[in-house]
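Student: Everything below, folded, please.
(2 chains)
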Amino acid sequence: MAKKKSESSVSTVPSPASSRAAGVAPSHTDLLRQMLLIRRFEERCAEAYALGKIGGFCHLYIGQEAVGVGAISALRADDYVISSYRDHGQALARGIPPRTIMAELFGRVDGCSKGKGGSMHLFDRNINFLGGHGIVGGHIPLATGVGFAIKYRGGDQVCLCFFGEAAVNNGAFHEALNMAALWKLPVIYLIENNRYGMGTALERASAINDIAERACSYDMPNEVVDGQDVLAVRDAVLRATQRARGEHTPTLLEVRTYRFMGHSMSDAASGTYRTKEELEEYMKRDPIIVLRTTMEKNGEWSDTAMTALDEELKAVAQDAWDFADASAEPAVEALTEDVYVW
Amino acid sequence: MPVVTYRDALNQALQEEMQRDDRVFLMGEEVGVYQGAYKVSKGLLQEFGEMRVVDTPITELGFAGVGVGAAMVGLRPIIEFMTWNFALLAMDQVVNSAAKMLYMSGGQFNIPIVFRGPNGAALQLSAQHSQAWESWLAHIPGLKVVAPGTPYDAKGLLKSAVRDDNPVIVLEGEMLYNTKGEVPAEEYLIPIGKAALKREGEHCSIITHGKMILVALQAADQLTKEGIRVDVLDLLSLRPMDVEAITASVRKTNRAVVLEEGWEIGGIGAQVVDYIQRECFDDLDAPIVRVHQVDVPMPYAKNLERAAKPDVPKTIAAVKKVMYLDQ
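Tutor: Next comes the predicted model:
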């Protein structure tokens, strides 16, 4: 483990929001940095979970980093992001500081939800991150409502909504997509198809396997996207944002990816519902390796620079851990606060 | 003072609040072109247009969630359920999204939303259309719940609900929409969390809410003829509940009947009884009696439905029981 860096060097990690605000397309190195940050951060989450510093449910994003990073890199700072319970990666990509995410996971007062939400409920009002939500499919209508509010006010933002492929069998998904298409709302519904709803394979849960076709029921534009290729994800979401901003047309994206870990920290990565061989096959298309290959072809790769970057991001993860560990538990008085606004 | 129907009182509240604040919009089944399944939204589409008076598909879970999402980013939705029976489909959004968002976001996202519609039984609508859900809703921290039984209370509480920065449940009643009462021409609000003493007496307290206030007042009238004078306390708000008003009344009368439309087990009345035993244990001269729907799904046949519902004779009998006049 790299030794802890000083605060000043950690704070120089550019936030994704700042590069978006400047209107600059992220470089391949920026995208790699964000994916690697998620990877290194979540490796520490797994460690913290094993040590009992993180409790409850903890769903890791490792393997799916290109989806959150690519999609969110296509957004503007004033757009909205809403997600399911597997939300660490999107929260980091959107720019919630690693420190406050780790503090939330540790159940501490400096957490982004003051220690009251935990892994599944990361929120940050300042950057329009509308949460991690814990009921499968339950937040999809909320995204439609955000789209409704954008149209109501005559804005040109979009709402990007992440959910897993298992949610497409849920009534909330269909109700939400129907209204978005009917009312022409600027929402991008992004299915992270990681092939398994907990331990149930897509083919055992959905009557059709090409689930992007679900959009046909609502005459909604849709695409199947390679979710291990961060650039492909970014491009697809950019196209969807153009439809949303220009024509207020929603889009359904089926982004095909794979999680390299178990459904949550309480199950093995393979052995029951999927084989080790299958997992190893998918790991050959690790999103970080896929981008690395592109960068090597483009002459953008330097082992020295990448080693330095990796060390830097390990230090960021260590800094987040140290910050969370030093943060106080919420005061007991906080128990009854935030039930109502008065 | 003008006399208006409960329906028109609600309509006035909606119109005034939508005129006052352009973030307020009404969404639900048949609220626009049809002018409201019970005509509560009559004329609003014509005045405010289809962006602010939104007809939805029959999709309670979906449009309740649309309301919560819109509230997260600054609008103030009023979500109409054609009845609360149908709102069961939306309960995930009411409970898991609206009620909990502020807490699980550490205070960042409050949800200023109103969920409203008729609650409880009408006439011969049978099992699936005749249910009073207030104890389910009042159970949930993060929600406020009001149940007005008169036009005056309906208007004042709905206006307060729209202005509240929290999710507020407004429980109306099909059988109330045509009832009439005095409603001031000038603007007024009724604070959420305050009960109203609708009749004063010294022999017993009848504590109730919603459309049962009409039953309680009729019972009180008949009891007066027999020389029994009762307090009729209309809770108006079920969460938060006005424990002080309950306590003050029972300390005066020393006897209580708790009347509600819903079922017995886990009902609102159970909570009222708990407050009384905590606060007024030494003041009681008799065990408290509850009046509620018989513990069965609502039947269709007219005679069976009548037998299932709480009514004036059952309420009078309960008062006499707590006064030991039933021997």
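
Student: tell me, what residue is most central in chain A?
Tutor: Central residue of chain A (CA atoms, centre = their mean): A:Gln90, 2.4 Å from the mean position.

Student: helices or strands up against the helix or strand hosting that residue?
Tutor: A:Gln90 is part of helix A:88-94, with elements assigned from DSSP states H and E. The contact analysis (3 or more CB pairs under 8 Å, 6 or more residues apart in numbering or on different chains; DSSP states H and E) places helix A:88-94 against helix A:16-21, helix A:28-50, helix A:65-72, strand A:80-83, helix A:98-105, strand A:129-132. C-beta: built from backbone N, CA, C; applies to glycine.

Student: okay, the ones you listed in TSV with mean pLDDT, mean neighbour count and distance to chain B next?
Tutor: As requested, the helices and strands packed on helix A:88-94 are exported to TSV (pLDDT from 0 to 100; neighbours: other CB atoms under 10 Å in any protein chain shown; distance: least, CB to the nearest CB, whole Å):
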stretch	mean pLDDT	mean neighbour count	distance to chain B
helix A:16-21	45	18	17
helix A:28-50	97	21	19
helix A:65-72	98	31	18
strand A:80-83	98	27	7
helix A:98-105	98	26	8
strand A:129-132	98	28	6
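
Student: Three-state assignment for the residue of the stretch 101-250 of chain B found nearest chain A, please.
Tutor: Closest contact between the stretch 101-250 of chain B and chain A, by CB to the nearest CB, is at B:Gly106 (3.2 Å). With DSSP: H, G, I helix; E, B strand; the rest coil as the basis, B:Gly106 sits in coil.

Student: ok so, going back, ok now the helix holding A:Gln90, how far from the chain's centre?
Tutor: Counting by CA atoms, centre = their mean, to the nearest Å, helix A:88-94 is centred 5 Å from the centre of its parent chain.

Student: And the average pLDDT for it is what?
Tutor: Across helix A:88-94, pLDDT averages out at 98.

Student: quick one: contacts of that helix?
Tutor: The contact list for helix A:88-94 (CB atoms under 8 Å, 6 or more residues apart in numbering or on different chains) reads A:16-17, A:34, A:37-38, A:41-42, A:45, A:60-61, A:64-65, A:67-69, A:71-73, A:81, A:83, A:98, A:101, A:105, A:112, A:119, A:122, A:124, A:127-129, A:132, A:162.

Student: so the nearest residue to B:Met1 once chain neighbours are set aside bridges to which residues?
Tutor: Leaving aside its sequence neighbours, B:Met1 sits nearest to B:Glu182 (CB to CB, 6 or more residues apart in numbering or on different chains; 4.2 Å). With DSSP bridges as the criterion, B:Glu182 is bridged to B:Val3.

Student: List the contacts of B:Glu182.
Tutor: Taking CB under 8 Å, 6+ apart as the test, what B:Glu182 contacts is B:Met1, B:Pro2, B:Val3, B:Pro151, B:Tyr152.

Student: how about 7 Å then?
Tutor: By CB atoms under 7 Å, 6 or more residues apart in numbering or on different chains, B:Glu182 lies in contact with B:Met1, B:Val3, B:Tyr152.

Student: just the residues you listed now: which is nearest A:Arg243?
Tutor: B:Tyr152 (50.0 Å; CB to CB).

Student: element containing the closest one, please.
Tutor: helix B:151-163.

Student: Can you say which of the contacts of B:Glu182 are buried?
Tutor: B:Tyr152 (16 or more other CB atoms under 10 Å in any protein chain shown).

Student: So what touches the one helix or strand B:Leu137 maps to?
Tutor: Per DSSP H and E, B:Leu137 falls inside helix B:134-138. Identification of contacts with helix B:134-138 by CB under 7 Å, 6+ apart yields B:Asn119, B:Leu143, B:Val145, B:Ala147, B:Ile169, B:Leu171, B:Leu238, B:Arg239, B:Gly262, B:Gly266, B:Gly267, B:Ile268.

Student: Next, format the residues you listed as TSV and append distance to A:Ala305 and secondary structure.
Tutor: Compiled in TSV, the contacts of helix B:134-138 are given as follows (distance: CB to CB, whole Å; DSSP: H, G, I helix; E, B strand; the rest coil):
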residue	distance to A:Ala305	secondary structure
B:Asn119	65	coil
B:Leu143	54	coil
B:Val145	60	strand
B:Ala147	66	coil
B:Ile169	58	strand
B:Leu171	64	strand
B:Leu238	63	strand
B:Arg239	59	strand
B:Gly262	68	coil
B:Gly266	64	coil
B:Gly267	68	coil
B:Ile268	67	helix
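
Student: Write a PyMOL command that selects only the buried members of those.
Tutor: Of the contacts of helix B:134-138, the buried ones can be selected in PyMOL as follows, counting by 16+ other CB under 10 Å:
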select buried, chain B and resi 119+143+145+147+169+171+238+239+262+267+268
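
Student: Which ones, among the contacts of helix B:134-138, also lie beside chain A?
Tutor: Among the contacts of helix B:134-138, proximity to chain A is found for none (CB under 7 Å from any CB of the partner chain).

Student: Can you tell me the element B:Val170 falls in?
Tutor: Secondary-structure assignment from DSSP H and E places B:Val170 in strand B:168-172.

Student: where do the strands sit along the stretch 201-342 of chain A?
Tutor: If DSSP state E, counting those that start in this stretch is used as the criterion, the strands of the stretch 201-342 of chain A fall at A:222-226, A:251-256.

Student: Just name the most buried of those.
Tutor: Each of these was scored by mean neighbour count; the highest is strand A:251-256, a mean of 25, by mean count of other CB atoms under 10 Å in any protein chain shown.
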